[in-house]
Every structure is written in C-alpha cells, then in structure tokens.
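1. Structure for the following, please:
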Amino acid sequence: MASCPESVEDLQKEVTCPICMDFFTKPVSIQCGHSFCHSCLLRSWQQASTLLCPECRSVSQQREYKANVRLGKLADILKKLRPSGLCNPEGHGKCEVHQKVKKLFCEDDQSLICVSCSQSQEHETHSLCCTDEAAENCRGKLQETVTSLWKKSEVVARQLKYEKTKFSLLEMEIDIQKKNILSEFHKFIQLLHEEKDAYLSNLQTEGRSTLERQNRRISELTEQSQELREKITELEEECKKPDLDLLQDVKGLFKKNELVLQKGTEPVHTSIPICSIPGLMEWIFSLKVDITLDCTTADHGLIITEDLKSVRYGGVQEEIPNNSWGPIGFAQVLGTQSFTSGKYYWEVEVPNNTAWCVGFCNKSKDFQNSFVLSNRQVNNSFYLFAGAQHSLYSHVQYRQASVLDLKVGIFLDYEHGEISFYHVKKRYLIYTFPTTSFSGQFLPFFSLSKTKDCSLTICS
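-> So this is what the prediction gives:
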C-alpha cells in the first residue's frame with residue numbers, strides 16, 4: 001500500500017502541466033484527452049507549424065480545446081494543501097536584522113520579511129500576507145500577463161499576416177503601374193511619330209507648293225529679263241535708223257515700250273509654314289529660372305535698372321573701346337548666374353530695328369566658347385543670325401528675316417549639350433545648335449548696339 005507522501009506526489013503529478021511542470025492554471029483538454037495550461041498550449045501551438053499534442057504528439061486537425069474546470073479546481077485545492085516543506089522555506093533566506101526565516105511578504109514594499117520585521121514600526125501599517133498566498137497572487141498576475149501577451153501576440157501575428165499580404169499587393173500594384181506607364185508612353189510615342197509624320201508631310205506639301213510658286217516667279221523674271229534685253233537690242237537698232245524711218249511708226253514703238261515697262265517686277269511674298277509642337281513649349285516654360293544682370297561685367301555706356309532686369313545703352317560711340325570678347329560695335333554684359341549642369345530657360349524682350357545679341361558664353365579668360373542669337377542690319381534690312389564660337393566649330397550661322405516685337409526664349413540643357421532659341425509669342429523654335437559637349441561654367445550673355453539708345457529686358 002502506497003504511503004501518504006507517495007499518494008500526494010502522484011496526485012500532484014496529475015494536476016501538473018506537462019509543459020510548464022507547475023500546477024494547472026486554467027487547464028484545457030484537447031482531442032486526444034491530454035490537458036495543459038491554456039497559455040502553455042497556445043504558446044506550444046503558436047511555435048509549431050503542425051497542431052501536435054505536446055505530450056503524445058498526436059495530430060489535431062483543428063485548433064480546438066475545451067476548458068477542464070474540475071481539473072482546475074483540483075489543482076487549486078492541492079496548491080492550498082501542499083505541505084509547507086514543499087515550499088522550501090529555507091530557500092527564502094533569513095532576515096539580515098533578526099536572523100529569522102522570511103515567511104511573510106510586504107505588499108507595500110514588495111519584499112520578503114520575517115515575523116519580527118512585521119511587528120516593527122516600519123511595517124505595522126503595511127499590508128502583509130504569507131509567502132504562499134503572495135506567490136499564488138504573483139503567479140496569477142503573471143499568468144494574466146502571459147495570457148494578455150499571447151492575445152497581443154495573436155493580434156500582432158494577424159497584423160503581420162495582413163502587412164505581408166499588403167506588401168504582396170503593393171508589389172503587384174507597382175508592377176501593374178510600371179506596365180501601365182510603359183503602355184501609355186508607347187501610345188504617346190506612337191502618337192508623336194504620327195504627329196511628326198503629319199507635320200513633315202504638311203511641311204513637304206506646303207514647301208513644295210511654295211518652291212513651285214517661287215520657281216514660276218523665277219521663270220517669269222528670267223523670261224522678262226530676256227524680253228527686256230531683246231527690247232533693248234531692238235531699240236538700240238531703231239535708234240540707228242535714218243530719221244524718216246525712225247519717225248514712221250514712232251507712236252506704235254512707244255506704245256510697245258510702255259507695255260514692256262509696265263510689267264510687274266515687285267517680289268512675290270512667299271513663306272514656309274512655321275510649326276509649333278504642342279506640349280513642348282509648356283514643358284520648356286516649366287524650367288524657367290530667374291536671371292539677373294551682373295553690373296561688374298557691364299561695358300561703359302550701359303545703364304542697368306535697380307532690379308537688374310533691364311539694360312540700355314546711353315553712352316557715346318567714341319568713348320567706348322572695342323571689347324575683345326564680344327562682337328565689334330556692341331556693348332556687353334553678363335548674367336549673375338552660372339550653370340555647370342541641369343536644364344534652364346528664360347525669356348528676353350529685345351528691341352525692334354536695332355542690333356542686339358543674346359545667348360551664352362563660357363566663363364573662361366578669353367570667352368571663346370559662345371552661342372548667340374543676334375539681330376543685325378544687312379542692306380537696310382534686319383536679319384536674325386545664330387552663331388557659335390566653339391572649340392569644335394566656328395560661326396555656324398542661320399539667317400532669318402527679323403521679327404517685330406520679338407520675345408526670345410533661351411533654353412540650355414547642359415548634360416545633353418543643347419542650346420536653343422524660341423519665338424515665345426508664336427511658340428516655335430527659331431534655331432537650335434548642333435549637339436555639343438559642354439565643360440566649365442556657362443553664363444547668360446547680353447549685348448546691345450553702341451550706336452542707338454535701345455534696351456533689353458529679362459522677363460520675370
């Protein structure tokens with residue numbers, strides 16, 4: 001027959017959780033019949049990929065369990081009835097002051113004390129309890145915390161699963177957006193090609209028609225020139241005739257000459273259609289920067305406004321020596337800003353019927369690298385010229401009839417080596433230089449004729 005201590009020990013084993021090896025706390029039973037603390041079972045299943053019984057390792061198909069109330073009550077009873085020797089009071093240590101075993105727990109100080117300490121003035125108003133009771137209370141609170149932590153862990157696990165799903169959806173959405181962007185730009189490129197072909201076709205048609213008209217005009221003038229030479233020869237022969245022969249049909253002779261002289265010789269106006277590419281100017285306008293004039297670089301005779309936006313020439317020709325780095329007959333000034341990278345755009349209002357020059361120059365000792373658009377007089381008419389002085393080439397020129405009330409747009413793309421000039425009001429490209437490799441700093445460049453009181457204004 002088993003002794004009482006052995007029976008108590010066997011009973012304790014039955015109410016002990018196989019996982020935490022302590023008395024059951026809120027025990028639950030699973031399908032195979034084994035029981036565990038509720039929190040211990042949740043922790044075990046949380047860490048496992050398969051729902052196994054922690055004791056017999058049988059597989060559970062579902063996360064199901066039932067509360068075992070009777071087993072919980074039995075565990076609570078045995079906790080209260082367990083021998084004091086099981087609590088290992090020696091392990092609590094002795095009071096350093098009274099050298100007695102610490103059998104009590106002070107709730108206020110959260111510390112172990114002996115009976116003599118409890119009778120002292122320090123602890124007489126404090127809430128005291130036995131160590132067994134304090135330990136059970138502590139275990140209960142810790143178990144509640146563990147349960148709360150497991151609940152929190154389940155919430156975090158659900159959030160983690162949600163965020164992983166969201167991550168996958170975001171990856172999918174980014175991939176879809178990438179495909180959409182490529183698709184839209186492919187359509188846009190196709191439309192641009194179609195638009196380009198339409199513009200080129202229209203230019204070719206209009207250009208061919210204009211050239212044919214010009215060619216007909218050249219043929220007419222050639223024929224008229226030949227007719228005039230023949231008439232001159234005929235009249236010269238008439239002048240050599242005797243007096244009576246010359247005067248015999250003088251009326252008809254003068255009438256024929258009058259008809260020849262009345263034939264028109266005025267030039268016929270012809271022009272090529274200027275194309276404005278939709279959307280391009282808006283993008284270029286978005287790159288607009290604020291440019292100001294650098295007074296320290298201005299030639300004598302130039303007068304600059306206080307806002308550093310406008311300059312006019314008010315000097316006397318004889319007072320100003322020719323500048324070694326600018327066009328002869330011009331007074332120059334540079335912009336304050338300098339550029340070594342990026343894209344930039346600004347606009348300048350230029351004067352009518354006078355000489356001026358705008359563009360860029362390289363900030364070097366000799367200012368040899370320059371790209372400018374200028375307005376100059378040739379045979380009583382003004383023309384626009386695009387010219388460059390560069391290490392790769394010199395004086396690449398473009399000529400176009402001057403335009404009244406012109407506002408020039410200036411565009412620099414440093415990385416791609418592009419400098420272009422635009423007609424702002426009619427929104428078309430005047431001229432773009434061949435692609436160039438830039439190096440060093442480039443500054444805005446402005447100049448005016450020294451012979452007239454005219455002004456340039458940088459638009460805000």
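2. When you work out contacts or count neighbours from here on, use the C-alpha atoms and nothing else.
-> OK.
3. most residues in a single helix of the protein, which one?
-> Ranked by residue count, the top helix of the chain under DSSP state H comes out as helix 131-239.
4. chain center to that helix: distance?
-> 14 Å (C-alpha atoms, centre = their mean, to the nearest Å).
5. centre of the chain versus the host helix or strand of W283, how much separation?
-> Taking DSSP states H and E as the definition, W283 sits inside helix 280-285. Centroid separation between helix 280-285 and its chain, computed with C-alpha atoms, centre = their mean, is 17 Å.
6. helix or strand right after it?
-> strand 302-304.
7. now for that following strand, which elements pack on it?
-> strand 310-313 (3 or more C-alpha pairs under 8 Å, 6 or more residues apart in numbering; DSSP states H and E).
8. picking up where we left off before, which strands and helices lie in contact with the longest helix of the chain?
-> Under the contact rule (3+ C-alpha pairs under 8 Å, 6+ apart), helix 131-239 is packed against helix 38-47, strand 104-106.
9. Just name the most buried of those.
-> Most buried of the helices and strands packed on helix 131-239 by mean neighbour count (mean count of other C-alpha atoms under 10 Å) is strand 104-106; its value is a mean of 21.
10. tell me the average confidence for that one?
-> On average, the pLDDT along strand 104-106 is 85.
11. Could you check the angle the longest helix of the chain makes with helix 38-47?
-> Interaxial angle of helix 131-239 relative to helix 38-47 (axes from the mean of the first three to the mean of the last three C-alpha atoms, to 10 degrees): 30 degrees.
12. So for the helix holding W283, what gets flagged as buried?
-> Within helix 280-285, the residues scored as buried using 16 or more other C-alpha atoms under 10 Å are M281, I284, F285.
13. a markdown table please, covering those residues and showing pLDDT and distance to R63.
-> Shown next, in a markdown table, are the buried residues of helix 280-285 (pLDDT from 0 to 100; distance: C-alpha to C-alpha, whole Å):
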| residue | pLDDT | distance to R63 |
| --- | --- | --- |
| M281 | 80 | 67 |
| I284 | 87 | 65 |
| F285 | 86 | 66 |
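14. could those residues be laid out in TSV, adding distance to L191?
-> Listed next are the buried residues of helix 280-285 as TSV, based on distance: C-alpha to C-alpha, whole Å:
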residue	distance to L191
M281	17
I284	20
F285	22
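15. Out of those, flag the one nearest to S341.
-> The nearest member of those to S341, counting by C-alpha to C-alpha, is I284 at 16.1 Å.
16. so what's F371 closest to, chain neighbours aside?
-> A388 (4.5 Å; C-alpha to C-alpha, 6 or more residues apart in numbering).
17. Got phi/psi on that neighbour?
-> phi -140, psi 140 (degrees, to the nearest 10).
18. C361 is in contact with that one, correct?
-> No - using C-alpha atoms under 8 Å as the test, A388 is too far from C361 to be in contact (9.5 Å).
19. Output the below-cut-off pLDDT ranges for the stretch 251-400 of the chain.
-> Along the stretch 251-400 of the chain, the parts satisfying pLDDT under 70 run over 260, 263-275, 278, 315-328, 364-368, 390-397.
20. can you give me the strands for it?
-> 302-304, 310-313, 330-334, 343-349, 356-362, 370-378, 381-389, 398-401 (DSSP state E, counting those that start in this stretch).
21. Which one, of those strands, ends up nearest to L244?
-> Minimum separation from L244 across the strands of the stretch 251-400 of the chain (C-alpha to C-alpha) falls at strand 381-389, 50.2 Å.
22. for that closest one, packing partners?
-> Against strand 381-389 (3+ C-alpha pairs under 8 Å, 6+ apart) you get strand 370-378, strand 398-401.
23. Could you look over the ones you listed and pick the most buried one?
-> Highest mean neighbour count among the helices and strands packed on strand 381-389 (mean count of other C-alpha under 10 Å): strand 370-378, a mean of 20.
24. In its sheet, which strands sit next to that one, and in what direction?
-> The strands beside strand 370-378 in its sheet (DSSP bridges) come out as strand 356-362 (antiparallel), strand 381-389 (antiparallel).
25. Out of those strands, which is closest to L246?
-> strand 381-389 (45.1 Å).
26. Name the residues of the closest one that come out as buried.
-> F382, Y383, L384, F385, A386, G387, A388, Q389.
27. if we can go back for a sec, and the helices and strands packed on strand 381-389 as JSON lines, adding distance to Q46?
-> JSON lines is the format used below for the helices and strands packed on strand 381-389 (distance: least, C-alpha to C-alpha, whole Å):
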{"stretch": "strand 370-378", "distance to Q46": "74"}
{"stretch": "strand 398-401", "distance to Q46": "80"}
